[in-house]
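**Q** Okay, predicted coordinates and the sequence, questions at the end:
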Amino acid sequence: MPEESSHAAGPPQAVSPFLRCTAFSGSDRVASGELRHVALKAKQAFDAYPERPLRVFDDRDARLLALPLELPAADLLAWLSRPQAGAAGPGRPRRPGRPKLGVVAREVTLLPEQWDWLSAQPGGASIALRRLVDAARAVTAAEDRRRAAQEAAYRFMQAIGGELAGREEAARALFAGDFHRFQAQLAAWPEDVREHAEWLATEAFVA
């Protein structure tokens with residue numbers, strides 16, 4: 001189950017201040033946009049309505065962001081602007097040699113005849129494998145987007161839905177691709193919650 005609030009127990013993880021996100025105070029949407037702006041609005045709501053759960057969701061996948069909203073606003077901004085873990089400092093010299101292209105070496109287990117086929121391809125096994133992966137991604141791109149939208153909408157509904165009527169039925173409609181039934185189950189929900197759930201689920205209902 002997702003955390004109950006964006007300031008749940010546990011050390012907050014460093015996040016980009018430019019991350020697109022949305023903050024909710026209870027069932028009211030506080031702000032949407034870049035985290036550096038949303039965090040201040042979330043801080044104001046956190047202080048003004050301490051009895052309400054304050055949640056900040058990553059717009060990409062509806063995961064909850066752990067923010068230290070108990071800090072003063074200036075300290076919260078300083079926390080957001082700190083360098084990301086593992087990032088090289090601005091004065092750190094680059095090592096000589098070819099720049100890294102983001103290639104990650106991992107073990108791949110294949111049958112001997114499969115290795116023979118890959119090695120015979122133009123450019124060798126590595127380039128052939130990359131071409132095969134790219135081709136497979138192109139074929140499954142629509143399904144991947146649909147699955148990601150389903151998971152994001154479901155994660156948001158579980159985190160914020162609480163005891164809202166029709167949540168489980170809405171989840172079943174979401175994974176069944178039944179837009180009209182999904183929309184009908186959300187009809188009585190608070191407007192901000194309903195609109196955000198429908199926005200996250202958009203790709204889930206694309207044919």
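**A** Cool, the structure landed.

**Q** okay, CA-based contacts and neighbour counts for the rest of this
**A** Fine.

**Q** any idea how far the residue positioned nearest the centre of the chain lies from residue 33?
**A** By C-alpha atoms, centre = their mean, the chain has its centre lying nearest to residue 61, at 2.7 Å. As defined by C-alpha to C-alpha, to the nearest Å, residue 61 lies at a distance of 15 Å from residue 33.

**Q** ditto for residue 39
**A** 10 Å.

**Q** So between the two, which is more surrounded?
**A** Taking neighbours as other C-alpha atoms under 10 Å, residue 39 and residue 33 compare with residue 39 leading, 27 against 15.

**Q** for the helix or strand that contains the more buried one, which positions count as buried?
**A** According to DSSP states H and E, residue 39 maps onto helix 35-48. Under the neighbour-count criterion of 16 or more other C-alpha atoms under 10 Å, helix 35-48 has 35, 36, 37, 38, 39, 40, 41, 42, 43, 45, 46 buried.

**Q** quick one: the third one and residue 74, what's the gap?
**A** Going from residue 37 to residue 74 by C-alpha to C-alpha gives 13 Å.

**Q** list the buried ones in the helix or strand that contains residue 184?
**A** Assigned by DSSP H and E, residue 184 falls within helix 179-186. Buried residues in helix 179-186, counted by 16+ other C-alpha under 10 Å: 179, 181, 182, 183, 185, 186.
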